[in-house]
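J.: My questions are about this predicted structure, shown below with the sequence.
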Amino acid sequence: MDDDTANIIIKLKVIVESTQQHSELCGALKVVDHPISFLGDIDAESGRMRDGDSVKGKILLYPTAVGSTVGSYVIYGLSRSGNAPVAIVTCNEDVVTTVGAIIADIPLYKLMDCSVINDLKKYNGRVFCIRDSVLVMKK
Amino acid sequence: MYLTKEEERVLRGDEGEVKARALKVIVKIGEIFGAERLVDVSHAHVSGISYFNIKKYGVKFLEDLVSNGAKFSVFTTANPYAAHHLSYNGRGFSKNVIDYQERIINALISMGARAFTCAPYHIRRPKIGEHLAWAESNAVLYANSVLGAKTNREGGPLALLEAIVGKAPYCGMHVDEERWPSILIRVPKPRSLSEAAVIGYLTGKISPSKIPYVEGLSRVPEEWLKAFLAGVGTSSSAPMVFLEGITPDCKRVRKDNIQERVRLPEEDVKSFIREHSPPQEATGNRLYVIGCPHVSKEEIRKITPHVRGTCSNAHNEELWIITGCFSLPCSEILASANGKVKIVEGVCPVVTRLDLLGVEEVVADSAKALHYLPRLAHVKAFIMDREEILKRFGVRLRG
């Protein structure tokens, strides 16, 4: 199994680049397998999700964002309170996340094959890195 | 996406960091939705103004924009704010709520907001074919469906950034070919404003995302169309409705080509209203609300003289009649009778935590209010016709 995990390579497409230069972005993986409504699902002040996990410093991965467009302000709030994820990875290019990522200056990527979300759930908490639009497990 | 030389200059930061970042968002959203270029807008309308919705991080975002020198570059109006300065039965909001709400209002005014209303078409009526960047669903539907102006259903933050740049992606409702109905709905003729609102809400349920072509409303007053469209915007994501005999775009469309056809039975409207009518006696502290969407200034002029002399004997009942604030600074209360009937401008009770004032139930003449009040204001909600509500408080209208 360990051999398999070492070879995980997941292709991403850049939606929003960071304004800072990074050769790679690393953080523990936080996989959410259902659509997120930022307004209600994540507390901007503490960075905590409803399940109690914080998104701070993590690579946050979810299928799509739904609900109020105020959600963009929640993403901005995460950044202002110092609780922003290092990167956001999502399957759909939605308005709430895109607006939020740009105003909060959080890099945003599109997951090219959304079916891998379920496979990635078992690596929740493991450190992954994004380099050259590829998500890989940190060796 | 094709960008003009001027747009490229803005994107490079020649007109400052704030405008560059705002344009970056607009371009990115345009790319996602396949826009080939941007379009100049003449009027932006921003939503997400209530402190109860946008909270501290929304306040921070607006104040950061101000401190970075952001200014609206086109005529810009904003949605109403929470009724932070109002009280019910003498009970008001905490200083904390009032302060945050004031900071939001001040940030918007310093960027150049000209009015606070959910009916921006009352302060500036766009012309046919005019391009807009409006958030607030009832306003978007009214602009596209009644006025023949062109706007997508923008989110609050996006409309704010479009106000700063004065441009929107040229896609969706800005493009004639995209303005097309795909379902025909025959609706019963409303006999009152609240019936029109319910017919709108049920029309939206029938067509939660498609643009409908609606038969049966060609001879109803504009105030009722407003109520109808606010209802549609509540239960549907459609940005426009083709209203037979009203919508300028109907000239381009042949309804014979629409395949899907549905009829909304009159009985559905009646039973919906029966189900959501208030009990005769209030079961708790009751507030009546007229003005979702905001009542026009003409309507207010008809009501105000009668309110001054009103003597209501209703116990534990208040009536708020709401209109837009079109000249700054906004007044707290335009007119009041015995503290029971208040005419107020610039606020929206639906985006206000009315439970914190001790209000337990709200009776409104609006299907939109009926839907959102339990979710956002944390109160029970009922529907009743406008004239019935006014009569209850001894306000009779003429003309």
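T.: Cool, got the structure. Residues are numbered from 1 along each chain as shown, chains lettered A, B, ... in the order given.
J.: How about B:Leu357, nearest residue that isn't a chain neighbour?
T.: B:Tyr88 (4.1 Å; C-beta to C-beta, 6 or more residues apart in numbering or on different chains). Heads up, the C-betas are built off the backbone N, CA and C, glycines and all.
J.: Dig out what the one you found forms beta bridges with.
T.: B:Arg91 (DSSP bridges).
J.: Double-check it against B:Leu356; I have them as touching.
T.: No: B:Tyr88 is not in contact with B:Leu356 according to C-beta atoms under 8 Å; the separation is 9.5 Å.
J.: quick one, which of these two is more surrounded?
T.: Shown here are B:Tyr88 and B:Leu356; by other C-beta atoms under 10 Å in any protein chain shown, B:Tyr88 has more neighbours (21 against 16).
J.: Next, the contact list for the more buried one, please.
T.: Residues touching B:Tyr88, when contacts are defined by C-beta atoms under 8 Å, 6 or more residues apart in numbering or on different chains, comprise B:Asn285, B:Leu287, B:Glu318, B:Leu354, B:Leu357, B:Gly358, B:Val359.
J.: how much space between the last one and chain A?
T.: In other words, B:Val359. With distances defined as C-beta to the nearest C-beta, to the nearest Å, the gap from B:Val359 to chain A amounts to 23 Å.
J.: For that residue, which non-adjacent residue is spatially closest?
T.: Using C-beta to C-beta, 6+ apart and skipping residues adjacent in sequence, the residue nearest B:Val359 is B:Leu287, 4.8 Å away.
J.: Ok, B:Ser145 next?
T.: Looking at B:Ser145 with C-beta to C-beta, 6+ apart, the closest residue is B:Val241, at 4.6 Å.
J.: Got phi/psi on residue 22?
T.: Just going to use chain A. Backbone torsions for A:His22, taken as degrees, to the nearest 10, come to phi -130, psi 140.
J.: my question was about chain B
T.: Backbone geometry at B:Ala22, expressed as degrees, to the nearest 10, gives phi -60, psi -40.
J.: likewise the one 3 residues further on?
T.: Geometry field for B:Val25 lists phi and psi as phi -60, psi -50, criterion degrees, to the nearest 10.
J.: how much space between it and B:Ala163?
T.: In this structure, B:Val25 and B:Ala163 are 12 Å apart, going by C-beta to C-beta, to the nearest Å.
J.: swap in B:Phe33?
T.: When B:Phe33 is compared with B:Ala163 (using C-beta to C-beta), they lie 19 Å apart.
J.: The contacts of B:Tyr88 in strands, which ones?
T.: With strands taken from DSSP state E, the overlap with these comprises B:Leu287, B:Glu318.
J.: could you pull out the strands for chain A?
T.: In chain A, strands defined by DSSP E lie at A:9-16, A:25-31, A:59-62, A:87-90, A:108-111, A:127-131, A:134-137, listed in chain order.
J.: what packs against the second one?
T.: It refers to strand A:25-31. Based on contacts counted as 3 or more C-beta pairs under 8 Å, 6 or more residues apart in numbering or on different chains; DSSP states H and E, the elements that strand A:25-31 packs against are strand A:59-62, helix A:116-120, strand A:127-131.
J.: Can you give the contact residues for that strand?
T.: With contacts defined as C-beta under 8 Å, 6+ apart, strand A:25-31 is touched by A:18, A:49, A:53, A:55, A:57-62, A:85-87, A:107, A:117, A:120-121, A:123-131, A:138.
J.: and the nearest residue to A:Asn83 once chain neighbours are set aside, how far is that from A:Asp53?
T.: Spatial nearest neighbour of A:Asn83, excluding adjacent residues (C-beta to C-beta, 6+ apart): A:Gly47 at 2.7 Å. For A:Gly47, the distance to A:Asp53 equals 9 Å [C-beta to C-beta].
J.: mind checking which helix or strand of chain A has the lowest mean pLDDT?
T.: Within chain A, judged by mean pLDDT, DSSP states H and E, the helix or strand with the poorest mean is helix A:2-6; its value is a mean of 52.
J.: which stretches of chain A aren't confidently modelled?
T.: A:1-6 (pLDDT under 70).
J.: my bad, the stretch 101-250 of chain B
T.: Across the stretch 101-250 of chain B, nothing is flagged by pLDDT under 70.
J.: Enumerate the residues of it near chain A.
T.: Residues of the stretch 101-250 of chain B found near chain A, taking C-beta under 8 Å from any C-beta of the partner chain as the criterion, are B:Ala135, B:Gly155, B:Gly156, B:Pro157, B:Leu158, B:Leu161.
J.: which among these gets closest to chain A?
T.: Sorting these by distance to chain A puts B:Gly155 at the head of the list, at 2.7 Å, by C-beta to the nearest C-beta.
J.: Excluding chain neighbours, what is closest to that closest one?
T.: In space, not counting the residues next to it along the chain, B:Gly155 is nearest to A:Thr69; the distance is 2.7 Å by C-beta to C-beta, 6+ apart.
J.: That neighbour against B:Gly48, yeah?
T.: Yes: under the criterion of C-beta under 8 Å, A:Thr69 makes contact with B:Gly48 at 6.9 Å.
J.: what's the overlap in contacts for the two?
T.: When contacts are counted by C-beta under 8 Å, 6+ apart, the set common to A:Thr69 and B:Gly48 consists of B:Ala135, B:Gly155, B:Gly156, B:Pro157.
J.: Quick one: these as TSV, columns for secondary structure and neighbour count too.
T.: Formatted as TSV, the entries for the shared contacts of A:Thr69 and B:Gly48 read as follows, by DSSP: H, G, I helix; E, B strand; the rest coil; neighbours: other C-beta atoms under 10 Å in any protein chain shown:
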residue	secondary structure	neighbour count
B:Ala135	coil	27
B:Gly155	coil	22
B:Gly156	helix	25
B:Pro157	helix	30
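J.: From those residues, pick the one nearest B:Gly92.
T.: B:Gly156 (26.2 Å; C-beta to C-beta).
J.: just to revisit the earlier point, in ChimeraX, how would I select the buried members of the contacts of strand A:25-31?
T.: Taking 16 or more other C-beta atoms under 10 Å in any protein chain shown as the burial criterion, the selection of buried members of the contacts of strand A:25-31 in ChimeraX is written as:
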select /A:49,53,55,58,59,60,61,62,85,86,87,107,117,120,123,128,129,130
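J.: All set now, cheers.
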